[in-house]
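Peer 1: just coords:
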Ligand code: UD1
Ligand code: UDP
């Protein structure tokens, strides 16, 4: 049996979540792996590749400043088509819900190459939120031959949409593989931020609130409201350190710096590489975020999360009671953050480890399923 896999990713979260799988597949019997970065992200992707010591075989380097969805999609379709023609994979492996994921799947479909979709089946049921990710993930699911669903509820979404049970494998989420790998490595080496990092200047005796945000549906009013809430919280809690690694999207950097620059206990820092960000999550008292990945990682570290979105495609996180949807209404953000900062009982109730996304072995389950898929394909049976 020989299986040639072309793994395609382009953004920070895809790379973090594909890194453990790529490291495993590089030495997996019967698999020849070709890793292709579309370069949808540039600096933020480079940070991940360095942190996981992950080599890419091809970098399409497609990012442009302030890229539009259609401009990016057009470039992706063109260059991935050429790449598939050169590499000639048996299967293209994509991750999640980005423009890279969907267009990579579409380009593979057009060339009649099999598609494996990692982190498949998450749904809000609302195409406008997250936008355009809900559509990207759903459309990729329509095209995929193998669906790696992180949880049983993701599997059930796929079954409801008519995907066959035989095409779905429930694996857990590879983000936990990445997180535990990094955390254990950091604990073993007593890892600390570098002396010249802005994180080294943080006061270890003060509580830390970590913030991230980048969702397109929050652009404009949503971000203004989030910043308004943060400014109010910073004034009300001068002894709390608010640390915000600001996403490089100009639509995020613009309002965040305009509204929050100069507030002494709000630390606006550059996007952090994965070791520094894991350290920040581990050090945080609580986390405010609209990120998908952070919603999955923080409960595994036992950190309370307030989600700056109206809906989540990760309902499993809500069941543990450690994640709360607060949206972008500033009154609600301030009230819920204040509750967790002031009320020790409320804080304790959310301050516990909850792991609905598996035990850190999702990559192995995916690799085993790929082997079985290759064997049935060689023996001629259908899936
Ligand atoms: C993308 C994904 C989103 C994912 C997010 C993770 C789509 C439609 N969006 O959103 O699903 O949650 O990544 O972060 O696929 N930029 C840089 N350097 C970088 C990265 C981005 O300068 O390393 C700037 C560029 O100006 C770029 C802009 O950010 O044009 C937007 O990047 P893009 O990938 O289109 O969208 P994101 O908002 O990052
Ligand atoms: N992350 C990081 N540095 C940061 C912010 C986030 O390494 O400064 C990591 C985080 O741990 C998670 C992933 O990036 O694994 C989430 O990426 P993002 O929020 O950009 O995208 P999403 O998950 O919402 O698609």
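Peer 2: Yes, it's here. What you see is a predicted model; the values in this text were computed from it and never measured. Ligands and ions are numbered 1, 2, ... in the order given.

Peer 1: quick one: the strands in the stretch 251-383 of the chain, in order.
Peer 2: Taking DSSP state E, counting those that start in this stretch, the strands of the stretch 251-383 of the chain run over residues 266-269, 286-289, 305-307, 323-325.

Peer 1: tabulate those (JSON lines), appending mean neighbour count.
Peer 2: The way it works is simple: take the backbone N, C-alpha and C, and place the C-beta from them, glycine included. Shown next, in JSON lines, are the strands of the stretch 251-383 of the chain (neighbours: other CB atoms under 10 Å):
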{"stretch": "strand 266-269", "mean neighbour count": "18"}
{"stretch": "strand 286-289", "mean neighbour count": "24"}
{"stretch": "strand 305-307", "mean neighbour count": "24"}
{"stretch": "strand 323-325", "mean neighbour count": "20"}
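
Peer 1: in terms of pLDDT, where does the nearest residue to residue 350 once chain neighbours are set aside sit?
Peer 2: Once flanking residues are discounted, residue 350 sits nearest to residue 304: 3.6 Å by CB to CB, 6 or more residues apart in numbering. Residue 304 is assigned a pLDDT of 98 by the prediction.

Peer 1: quick one, phi/psi of residue 304?
Peer 2: Backbone geometry at residue 304, expressed as degrees, to the nearest 10, gives phi -60, psi 140.

Peer 1: re the thing from before, quick one, which of the strands of the stretch 251-383 of the chain is nearest to ligand 1?
Peer 2: Of all those, it is strand 286-289 that lies closest to ligand 1, at 11.3 Å by CB to the nearest ligand atom.

Peer 1: what's in contact with the closest one?
Peer 2: The contact list for strand 286-289, computed with CB atoms under 8 Å, 6 or more residues apart in numbering, reads 209-213, 226, 230, 281, 294-295, 298, 303-308, 333, 337, 340-341, 347, 350.

Peer 1: at 7 Å instead, please
Peer 2: Outside strand 286-289, the residues within contact range by CB atoms under 7 Å, 6 or more residues apart in numbering are 209-213, 281, 294-295, 298, 303-308, 337, 340.

Peer 1: please report how far residue 28 lies from residue 346.
Peer 2: Computed with CB to CB, to the nearest Å, the distance linking residue 28 and residue 346 is 46 Å.

Peer 1: ok, the two, which is more surrounded?
Peer 2: residue 28 (19 against 14; other CB atoms under 10 Å).

Peer 1: which residues does the more buried one contact?
Peer 2: residue 367.
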